[in-house]
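In: structure for the following, please:
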Amino acid sequence: MNPTNDTAPAASPALAELAARITGVVLTPEDDGYDEERSGYQAGYSHRPSVIVGAASAADVVAAVRYARAHGLPVSVQSTGHGLAAATDGGLLISTRRMDEVRVDAEARTAWAGAGVLCGQVVEEAAPYGLAPVNGSSPGVGVVGFTLGGGLGILGREFGYASDHVRAVELVTADGELRRVSGTCEPELFRALLGGGHGLGVVTGLELGLVPVERVYGGQLVFGADLVDEALAAYLAWTEDLPGALTSSVGLIAYPDVPAMPPHLRGRYLAHIRIAYTGTAEDGERLVAPLRAVGPRVADTLRDMPYAESHTIHQDPTTPHAYDGDSVLLSGLDVDALRAVAALTGPDAPLMTVVQLNHLGGALAQGGGSVGHRGARYLLRLLSPLDGTDVAAARALHAEVRGVPAPWAVGRSVNFLFGDHGDKAADAYEEPVRRRLAAAKAAYDPENLFRA
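Out: Have a look, this model is predicted:
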């Protein structure tokens, strides 16, 4: 086998045989639908494979992996493409978006999510039973990719990472075998998948534990440019003493002055404090009082809501767009450093950069699997749109911003590295975890069939 050979003859007998065995679709660059199939939410980078298998079942994935192995083709996987890092040229791309089955077992408090399932689908299916997954802020993110990278949820401080709630993983490994692994069946592979799972196989589905959450107190407090410095100081002080049931972040956005921007945002610089709390609304009001004391808000959307409406807390964009991003996990942070980050990325920045600071700790600091740097207190996330922007310019600004909190830096978050960062992703894990992940890769994919 030669996994570096990334060409496949179009319309070859072998490819025709593969297509005959697939219940989904098989596409080459000459076929209608090829561009649509390889495109995802991340419009800045796209895979350009020699062959795409749009899998509709685990059997399709098995057939695709066996074909790739037999013909020396490296394999990449895409569901929604939100977190696309290194786009591949050539090889075989397995698109899993058709594998969108969700099954909820209310009695066992579990859900089965196929490889193409979106987080919002599980929220919707679990809600009638008073249950919820540990999901992120965007309902359009794929469950599998989110979870394999750890999965920082909007209730993370109370329930930990999404990967902490995985009961079993079904995947096809490089030998073309479909496996179901768990804490008792191939536990080392299972452990590696939970937070470090990219590149170890093609996951066809997950069994997830659900949590008993029906409603939350949540929303945003939004402050204008004149109060950004005060809001940042108040936020850092506020996070010093919070119950684990409250998870929050602060986002800094200098909105462009363009006609496409909603009038209430156009050309403004705003600090968005996002809050999700499973305690009572009365306690929530008491807890956020120090933040409201900062001053008048541009918006105050805090309310008691059904968990099925929790996606309204962050109001993440839903339209595909081009972006590049980086992150840094921090053991601490002071207000001077945070204000310096704001100064570098605010209205006077050379290019638009969205900043988000997540408050970590609580249950996120506990658990097993392969999530890196669980002891981090904050996560600083940077994201720059690429439309009309040079990637090198975005990377240079991100590097400058990451340098500000360098005294507290402990590593990166693998779920928030957008674009190809090469070996920089290695610092997403401590050395013992890196060794364990390398051992799993050597055992299950020694020829590097799967590219992540």
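
In: secondary structure element for Leu291?
Out: Element membership of Leu291, judged by DSSP states H and E, is helix 281-292.

In: which ones are touching the closest residue to Ser413 other than its chain neighbours?
Out: Spatial nearest neighbour of Ser413, chain neighbours left out: Ser327 (4.5 Å); criterion: Cβ to Cβ, 6 or more residues apart in numbering. The way it works is simple: take the backbone N, C-alpha and C, and place the C-beta from them, glycine included. Residues in contact with Ser327 (Cβ atoms under 8 Å, 6 or more residues apart in numbering) are 379-382, 412-413, 416-417.

In: spit out the contact partners of the residue nearest to Ala87 when sequence neighbours are not counted.
Out: Distance criterion Cβ to Cβ, 6+ apart; nearest residue to Ala87, sequence neighbours excluded, is Tyr45 at 4.2 Å. By Cβ under 8 Å, 6+ apart, the contact list for Tyr45 reads 84, 87, 322, 419-420.

In: now do Gln78
Out: Counting by Cβ under 8 Å, 6+ apart, Gln78 makes contact with 38, 40, 47, 84, 93-97.

In: can you pull up the bridge partners for it?
Out: Bridge pairing for Gln78 (DSSP bridges) gives the partners Ser95.

In: where's it relative to Leu344, distance?
Out: 33 Å (Cβ to Cβ, to the nearest Å).

In: A helix includes Ala63, no?
Out: Yes. Under DSSP: H, G, I helix; E, B strand; the rest coil, Ala63 falls within a helix.

In: quick one: neighbours of it, just the number.
Out: 24 (other Cβ atoms under 10 Å).

In: so it touches Ala20, yeah?
Out: No. Between Ala63 and Ala20 there is no contact under Cβ atoms under 8 Å: 9.7 Å.

In: list the neighbouring strands of the helix or strand hosting Ser248 plus their orientation.
Out: Using DSSP H and E, Ser248 sits within strand 246-254. Here strand 246-254 has these sheet partners by DSSP bridges: strand 269-277 (antiparallel), strand 354-359 (antiparallel).

In: residues in contact with that strand?
Out: So strand 246-254 is contacted by 153-158, 228, 231-232, 235, 239, 242, 268-277, 279, 284, 287, 341-342, 345-347, 349, 352, 354-359, 362 (Cβ under 8 Å, 6+ apart).

In: one more pass at 6 Å, please.
Out: 155-157, 235, 269-277, 342, 346-347, 354-359 (Cβ atoms under 6 Å, 6 or more residues apart in numbering).

In: surely Trp339 is within a strand?
Out: Wrong residue type there; residue 339 is Arg, not Trp. No. Per three-state DSSP, Arg339 lies outside any strand segment and is helix.

In: which parts of this protein are helices?
Out: 13-21, 34-38, 58-70, 119-126, 143-148, 156-159, 187-196, 228-238, 281-292, 335-345, 391-403, 431-444 (DSSP state H).

In: columns mean pLDDT on top of those helices, output as CSV?
Out: Formatted as CSV, these follow (pLDDT from 0 to 100):
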stretch, mean pLDDT
helix 13-21, 92
helix 34-38, 92
helix 58-70, 97
helix 119-126, 98
helix 143-148, 95
helix 156-159, 98
helix 187-196, 96
helix 228-238, 98
helix 281-292, 98
helix 335-345, 98
helix 391-403, 95
helix 431-444, 95
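
In: point out the most buried one among those.
Out: helix 143-148 (a mean of 28; mean count of other Cβ atoms under 10 Å).

In: tell me how far it lies from the chain's centre.
Out: 7 Å (Cα atoms, centre = their mean, to the nearest Å).

In: now do stretch 50-58
Out: That offset, for stretch 50-58, works out to 22 Å (Cα atoms, centre = their mean).

In: gap between the two ends of that stretch?
Out: One end of stretch 50-58 sits 21 Å from the other (Cα to Cα, to the nearest Å).

In: list of residues touching that stretch?
Out: 7-8, 23-28, 37, 61, 64, 90, 92-96, 98, 178, 204.

In: weed out the non-buried ones from the residues you listed.
Out: By neighbour count, with 16 or more other Cβ atoms under 10 Å, those hold 8, 24-28, 37, 61, 64, 90, 92-96, 98, 178, 204 as buried.

In: my read: Gln220 touches His272, true?
Out: Yes. The pair Gln220 / His272 is scored as a contact, 5.2 Å apart, by Cβ atoms under 6 Å.

In: kindly state the beta-bridge partners for the closest residue to Leu84 other than its chain neighbours.
Out: Sequence neighbours aside, Gln42 is the residue nearest to Leu84 in space, at 4.2 Å (criterion: Cβ to Cβ, 6+ apart). Beta-bridge pairing for Gln42 (DSSP bridges): His321.

In: from Val391, how far off is the nearest residue to Ser163 once chain neighbours are set aside?
Out: Nearest residue to Ser163, sequence neighbours excluded (Cβ to Cβ, 6+ apart): Leu194, at 3.9 Å. Computed as Cβ to Cβ, the Leu194 to Val391 distance reads 31 Å.

In: now the strand holding Ser248 - C-alpha only, PDB.
Out: This file holds the C-alpha atoms of strand 246-254, laid out as PDB (Å, rounded to 0.1, in the frame of the first residue of the first chain):
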ATOM      1  CA  LEU A 246     -23.200  28.700  35.500                       C
ATOM      2  CA  THR A 247     -21.200  28.600  32.300                       C
ATOM      3  CA  SER A 248     -20.300  31.800  30.500                       C
ATOM      4  CA  SER A 249     -18.100  33.600  27.900                       C
ATOM      5  CA  VAL A 250     -17.400  37.100  26.700                       C
ATOM      6  CA  GLY A 251     -17.200  37.900  23.100                       C
ATOM      7  CA  LEU A 252     -15.600  41.100  21.500                       C
ATOM      8  CA  ILE A 253     -16.700  42.000  18.000                       C
ATOM      9  CA  ALA A 254     -16.000  45.100  15.900                       C
END
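
In: now that strand against helix 281-292, angle please.
Out: Orientation check (axes from the mean of the first three to the mean of the last three Cα atoms, to 10 degrees): strand 246-254 against helix 281-292 gives 40 degrees.

In: for strand 246-254, buried residues please.
Out: 246-254.

In: what of stretch 171-183?
Out: Result for stretch 171-183 [16+ other Cβ under 10 Å]: buried residues 171-174, 176, 178-179, 181.

In: looking at the residues you listed, which are in strands?
Out: 171-172, 178-179, 181 (DSSP state E).

In: what about Glu186, neighbour count?
Out: Other residues close to Glu186 by other Cβ under 10 Å number 19.

In: residue ranges with poor pLDDT in this protein?
Out: Along the chain, segments meeting pLDDT under 70 span 1-11, 85-86, 424.

In: one more pass at 50, please.
Out: Under the criterion pLDDT under 50, the flagged ranges of the chain are 1-10.

In: of all the buried residues of stretch 171-183, which two lie farthest apart?
Out: Gly176 and Val181 (15.8 Å; Cβ to Cβ).

In: Asp164 and Gln366 touch, don't they?
Out: No. Counting by Cβ under 6 Å, Asp164 does not reach Gln366; the two are 8.0 Å apart.

In: these two: which is more packed in?
Out: A side-by-side neighbour count of Asp164 and Gln366, using other Cβ under 10 Å, places Asp164 first with 23 against 11.
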